[in-house]
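Q: how would this look folded up:
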Amino acid sequence: MGKPTEEVNKAAVPAASPFPRMLTLDEVQEVLNLGKPLVYALVKSGELRAAQFGGRGIWRVRQDDLEAYIEAAYEKTAERIASGQIPDGDAPGES
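A: Numbers count the residues shown, from 1 in each chain. Model prediction:
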């Protein structure tokens, strides 16, 4: 007699990795479509959480930290729009 379906389904689902996906600053630059100097400035200011591993220039950003940064940027932009801090000529699609 075989295993109950519930036990088979549990065994077939791979366990989630205990470690988050780590992105290079080049990958972050590609996701955000920003220049390297701006990505470095975001990390240096602490606005984008990152960690340095090993020697010089080996920086990594957790995927969830990048997602949090993007969500915070949307919220901050919405607040600035609502408060009138973004001039009409500065809005996307306007010239």
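Q: going forward, measure contacts between C-alpha atoms and count neighbours the same way
A: Noted.
Q: how much space between the residue nearest to Val61 when sequence neighbours are not counted and Leu23?
A: In this structure, Val61 finds its nearest non-sequential neighbour in Ala50, 4.6 Å apart by CA to CA, 6 or more residues apart in numbering. Using CA to CA, to the nearest Å, Ala50 is found at 9 Å from Leu23.
Q: who has more neighbours, the two?
A: Ala50 (21 against 17; other CA atoms under 10 Å).
Q: give me phi/psi at the more buried one?
A: The phi and psi values for Ala50, taken as degrees, to the nearest 10, are phi -150, psi 170.
Q: was I right about it contacting Tyr40?
A: No: using CA atoms under 8 Å as the test, Ala50 is too far from Tyr40 to be in contact (9.9 Å).
Q: for the residue nearest the centre of the chain, report the pLDDT, please.
A: Compute the mean C-alpha point of the chain, and by CA atoms, centre = their mean the closest residue is Leu66, 1.5 Å away. Leu66 is assigned a predicted lDDT (pLDDT) of 98.
Q: OK, contacts around it?
A: Applying CA atoms under 8 Å, 6 or more residues apart in numbering, we find Leu66 in contact with 28, 48-49.
Q: show the end-to-end separation of stretch 46-66, please.
A: Using CA to CA, the span of stretch 46-66 from its first residue to its last is 12 Å.
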